[in-house]
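> What follows is a predicted protein model with its sequence.
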Amino acid sequence: MVPQFRYQLLKAVDTTPEDKVEYQGEAIDDNLLRQLQLLFGYLELSERHAASAKALCFAFKDYDGTPTKTGEQKDSQEFLNIFFERIESLLKPTSQCDLLKDVFAGNLCSQLICQSCGAVRNKIELFYNLSLQVKGSTGIYDSLAKMVKGQTIEDYMCEGCNQKVDVTKRSLLADMPNVLIVHLQRIVFSFDTLANDKVNSRFEFPRVLDMKEYSYKEVTKGEAKDEDLQELLEVQDDEYVYRLAGVNVHVGTADHGHYYSIINTKRGASEPQGDVDEATWRKVEADPWKVFNDATVSSFNFERDLKSESFGGDGEQNNTASDAMSDAELTAFLSSGTQSYGKSAYMLIYERMSKKGLHEAAAGGESVEVGFRQVEKFVPDWIAEQVHADNKSFLVDSQLFDEQFFGLLY
Ligand SMILES: [Zn+2]
């Protein structure tokens, strides 16, 4: 739920002809970008309490061309990566060709440092989500510290001293996105069981995240620098400061489970401006938070429930779900309300205090910059008309229902 992303994406015009395919009694336009736009349009304008993602799931195909199987558990990071890849290629010919990069992309500086001669090899790596290790870490800062500290790789051929040596491999934050998606590595392959396991240990994350300490600029202080990376030294401190905007929770085991989201709904134009009123901007807990769970939206007591809902941990006894459970046993367990194993944050969404502008391709190969906070609500006519027609039939249906209801009463 990033309003600026939604409205900008709704501005893209996909000119490929409509491709109506009959699916489960409905004629669906088999175009992923238009289906995503339609879903965003419904979420914006529909009178119904929820919008259906059926057509979107149909248009989003696996590598072999089969529609998304909604009954199968998918890893949400894997899903997001493939989804972004598809959307990015569909946006390429439109005015919004840079949208995904402008909103979500950051860079890591991956370094190999020779422990013998000190030679450093830098590699800039683009990311759309920052994937952090949970196993053995107590929280985001601990995990970032380990990422920056790095690990030793033996027998590496160093070009500096021309011999096989031990090198340190570490990753530093280079430049950061407007909206940071953090992936928590809770599903990991176990060499004991030769299957995926879920790590549900306690992993803490702050409301306001300041990552300056883990940046290229800070970590390499006093070290020799690569001239090509000069611009990374000019990144401002506030470009590493973020506020929590959303938490994607996974309940269950590595194989079975369910996702839902806890979202700060004070977003877009109503988000406080950090550079103007930092105190309000930092008070994330004062914002209206809601839980989005399938078709149900309910309010969320952030102060009271965030930790128990999303930090994970072993919790009380007798609350361990296991992969040995059958689907029915797991469903019963999950609905018993006593579980804490398996309930923990899987993806985190953070919004940066200082925002970079977004770019729109204009006629003649020009690029126009749009201020992140200046993005306005937009729904194209073709979608608005469709949603309004649906609203009309929905309202007529509800009135009809009321009449029958009153007919029964009197
Ligand atoms: Zn060396």
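Structure received.
> what's the spacing between the residue nearest to G312 when sequence neighbours are not counted and Y259?
Residue nearest to G312 in three dimensions, not counting chain neighbours: S344, with 3.1 Å by Cβ to Cβ, 6 or more residues apart in numbering. In this view, the C-beta of every residue, glycine as well, is placed from N, C-alpha and C. In this view, S344 and Y259 are 11 Å apart by Cβ to Cβ, to the nearest Å.
> How about Y7?
Taken as Cβ to Cβ, the span from Y7 to Y259 is 25 Å.
> circling back: which one of S344 and Y259 is surrounded by more residues?
Between S344 and Y259, counted using other Cβ atoms under 10 Å, the more crowded position is S344 (24 against 17).
> Show me what from the protein comes close to the ion.
Neighbours of the ion within the chain, by Cβ under 5 Å from the ion: C114, S116, C117, A119, C158, G160, C161.
> And the residues you listed, which is closest to L132?
Of all the residues of the chain next to the ion, L132 sits closest to C114, with 26.3 Å by Cβ to Cβ.
> just to revisit the earlier point, could you write me a PyMOL select line covering just the buried ones among the residues of the chain next to the ion?
The following PyMOL line selects those of those that are buried, judged by 16 or more other Cβ atoms under 10 Å:
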select buried, resi 114+158
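> Just the residues of the chain next to the ion: which are in helices?
Within the residues of the chain next to the ion, no residue falls in helices by DSSP state H.
> want to throw the residues of the chain next to the ion into JSON lines with pLDDT?
Putting the residues of the chain next to the ion into JSON lines (pLDDT from 0 to 100) gives the following:
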{"residue": "C114", "pLDDT": "96"}
{"residue": "S116", "pLDDT": "94"}
{"residue": "C117", "pLDDT": "94"}
{"residue": "A119", "pLDDT": "93"}
{"residue": "C158", "pLDDT": "94"}
{"residue": "G160", "pLDDT": "89"}
{"residue": "C161", "pLDDT": "92"}
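> Count residues in the vicinity of T16, would you?
Count around T16 with other Cβ under 10 Å applied: 11.
> Which ones among the residues of the chain next to the ion map onto strands?
C114, C158 (DSSP state E).
> the strands in the stretch 201-350 of the chain, which residues?
208-210, 241-252, 257-264, 289-293, 296-300, 344-352 (DSSP state E, counting those that start in this stretch).
> now those as JSON lines including mean pLDDT and distance to K217?
What follows is the strands of the stretch 201-350 of the chain, written out as JSON lines (pLDDT from 0 to 100; distance: least, Cβ to Cβ, whole Å):
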{"stretch": "strand 208-210", "mean pLDDT": "98", "distance to K217": "13"}
{"stretch": "strand 241-252", "mean pLDDT": "95", "distance to K217": "14"}
{"stretch": "strand 257-264", "mean pLDDT": "94", "distance to K217": "28"}
{"stretch": "strand 289-293", "mean pLDDT": "96", "distance to K217": "33"}
{"stretch": "strand 296-300", "mean pLDDT": "95", "distance to K217": "36"}
{"stretch": "strand 344-352", "mean pLDDT": "96", "distance to K217": "16"}
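> Pipe those into CSV and attach distance to L39 per row.
Shown next, in CSV, are the strands of the stretch 201-350 of the chain (distance: least, Cβ to Cβ, whole Å):
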stretch, distance to L39
strand 208-210, 29
strand 241-252, 17
strand 257-264, 15
strand 289-293, 13
strand 296-300, 15
strand 344-352, 18
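> List the residues that contact I113.
I113 makes contacts with A119, V120, R121, G150, V167, T168, K169, R170, as judged by Cβ atoms under 8 Å, 6 or more residues apart in numbering.
> One more: S52?
S52 touches Y42, counting by Cβ under 8 Å, 6+ apart.
> helix/strand/coil for it?
coil (DSSP: H, G, I helix; E, B strand; the rest coil).
> Need the pLDDT of it.
Looking at S52, its pLDDT stands at 91.
> Which of the three states applies to E47?
Per three-state DSSP, E47 ends up coil.
> What about it, how many residues nearby?
Other residues within reach of E47, judged by other Cβ under 10 Å, total 12.
> quick one on the thing from earlier: tell me which of the strands of the stretch 201-350 of the chain lies nearest to S89.
Nearest to S89, of the strands of the stretch 201-350 of the chain and by Cβ to Cβ, is strand 344-352 at 22.4 Å.
> for the residue nearest to F205 when sequence neighbours are not counted, what are its contacts?
Spatial nearest neighbour of F205, excluding adjacent residues (Cβ to Cβ, 6+ apart): I140 at 4.6 Å. The contact partners of I140, by Cβ under 8 Å, 6+ apart, come to L132, V182, F203, E204, F205, P206, L209.
> again, but for Y141
P206.
> Let me see the ranges of the helices in the stretch 1-150 of the chain.
Ranges of helices in the stretch 1-150 of the chain, per DSSP state H, counting those that start in this stretch, are 3-11, 32-45, 54-59, 76-91, 99-104, 140-149.
> before we move on, what about the stretch 201-350 of the chain?
So, for the stretch 201-350 of the chain - with DSSP H, counting those that start in this stretch - the helices run 216-219, 278-282, 302-310, 327-335.
> So which of the ones you listed has the densest surroundings on average?
Neighbour counts (mean count of other Cβ atoms under 10 Å) averaged over each of the helices of the stretch 201-350 of the chain peak at helix 216-219, with a mean of 20.
> quick one: contacts of that helix?
Under Cβ under 8 Å, 6+ apart, the answer for helix 216-219 is C109, V148, L172, L173, A174, K212, E213, L229, L232, L233, V235.
> can these go into a markdown table with extra columns for neighbour count?
Below are these laid out as a markdown table (neighbours: other Cβ atoms under 10 Å):
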| residue | neighbour count |
| --- | --- |
| C109 | 21 |
| V148 | 19 |
| L172 | 23 |
| L173 | 28 |
| A174 | 22 |
| K212 | 16 |
| E213 | 13 |
| L229 | 16 |
| L232 | 21 |
| L233 | 13 |
| V235 | 18 |
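> Grab the nearest non-local neighbour of the most centrally placed residue in the chain.
Nearest to the geometric centre of the chain sits I181, at 4.4 Å (Cα atoms, centre = their mean). Counting by Cβ to Cβ, 6+ apart, the nearest residue to I181 once its immediate chain neighbours are dropped is N129, at 3.9 Å.
> Many thanks, have a good one.
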